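Undergrad: The amino acid sequence is not available; the structure is as follows:
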Ligand SMILES: [Zn+2]
């Protein structure tokens, strides 16, 4: 690469370097059971293997793996800070960087972020220069967008779909909620974690038909 000889670098070179050094906000979205927590934990591991610290967040309302823990269905888990709707994530990350250098911020259950918190995470990337990787569901069981996901889809730098499949073999983009007896629920709160309910990922066609496939395959999810 050609180097500028003598004196300070021209302003435009300095500003170009600043631009190229900007960190990005990633939104990795999926339907249910796509293994996104596994991918998050692997990404964190990759940073740490290179000697960089990571900061992990998960929603305070998700206690499936224990409060403050991100767990995956294949058994991996790691401690995480929990966030609720009133937390200022820019402040929390900023304080953490005073203790140690942070290589990456990873957020699980990102659909539960508020719109403001997504912007706080954008500032983590833009002002602190730390990449932010968010993992979450795109839509709820009624086919409606989560507020956190809607904002991330609007403003994240990089959108990545984590694919999973319907029982028919097509890509699953939708989720149905089942009650304790395995019946499809059409109503209820957007957030219901840790109850009797379970979730099944379906393609749009089978989501609209409320067709969760042969019972033998359903056992995989219950
Ligand atoms: Zn299908």
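TA: That came through fine. What you are looking at is a predicted structure, and each value in this text was computed from that prediction instead of being measured. Numbers count the residues shown, from 1 in each chain.
Undergrad: Excluding sequence neighbours, find me the nearest residue to the most centrally placed residue in the chain.
TA: Nearest to the geometric centre of the chain sits residue 135, at 1.2 Å (CA atoms, centre = their mean). Nearest in space to residue 135, with sequence neighbours left out and distances taken as CB to CB, 6 or more residues apart in numbering, is residue 36 at 4.4 Å. In short, each C-beta sits where N, CA and C put it, glycine included.
Undergrad: That neighbour and the ion, how far apart?
TA: Separation of residue 36 from the ion (CB to the ion, to the nearest Å): 20 Å.
Undergrad: Burial check on that residue, number of neighbours?
TA: Per other CB atoms under 10 Å, the neighbour tally for residue 36 reads 23.
Undergrad: ok, it touching residue 134?
TA: No: using CB atoms under 8 Å, residue 36 is not in contact with residue 134, being 9.9 Å away.
Undergrad: shared neighbours of the two, anything?
TA: residue 28 (CB atoms under 8 Å, 6 or more residues apart in numbering).
Undergrad: Now do the same contact list for residue 53.
TA: Residue 53 makes contacts with 47, 100-103, as judged by CB under 8 Å, 6+ apart.
Undergrad: Phi and psi next, for the residue nearest to residue 135.
TA: Note on residue 36: its backbone torsions stand at phi -70, psi -30 [degrees, to the nearest 10].
Undergrad: Same check on residue 149?
TA: Torsion angles, degrees, to the nearest 10, at residue 149: phi -70, psi -40.
Undergrad: start at 364 instead
TA: Sure thing, new numbering starts at 364, so read that last one as residue 512.
Undergrad: That one: what's it in contact with?
TA: 390, 392, 473-474, 499-502.
Undergrad: do residue 391 as well
TA: 399, 402-403, 496-499, 523-525.
Undergrad: now residue 465
TA: Counted by CB under 8 Å, 6+ apart, residue 465 has contacts 415-418, 456, 459, 493.
Undergrad: same check, this time on residue 387
TA: Per CB under 8 Å, 6+ apart, neighbours of residue 387: 488, 494-495, 520-521.
Undergrad: Relative to the ion, which of those residues is nearest.
TA: For the contacts of residue 387, the minimum distance to the ion (CB to the ion) is 27.8 Å, reached by residue 521.
Undergrad: Look up the closest residue to that closest one, ignoring the ones flanking it.
TA: residue 389 is the one closest to residue 521 (CB to CB, 6+ apart), at 4.6 Å.
Undergrad: Would you check that that neighbour makes contact with residue 499?
TA: No: counting by CB under 8 Å, residue 389 stays clear of residue 499, with 11.2 Å between them.
Undergrad: gap between residue 503 and residue 471?
TA: 17 Å (CB to CB, to the nearest Å).
Undergrad: can you check residue 511 too?
TA: 12 Å.
Undergrad: picking up where we left off before, okay, the contacts of residue 465 in TSV with secondary structure next?
TA: Shown next, in TSV, are the contacts of residue 465 (DSSP: H, G, I helix; E, B strand; the rest coil):
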residue	secondary structure
415	coil
416	strand
417	strand
418	strand
456	helix
459	helix
493	coil
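Undergrad: which residues touch residue 537?
TA: By CB under 8 Å, 6+ apart, residue 537 lies in contact with 394, 502, 506, 564-567, 570.
Undergrad: Where neighbours are concerned, which of the residues you listed has the most?
TA: residue 565 (28 neighbours).
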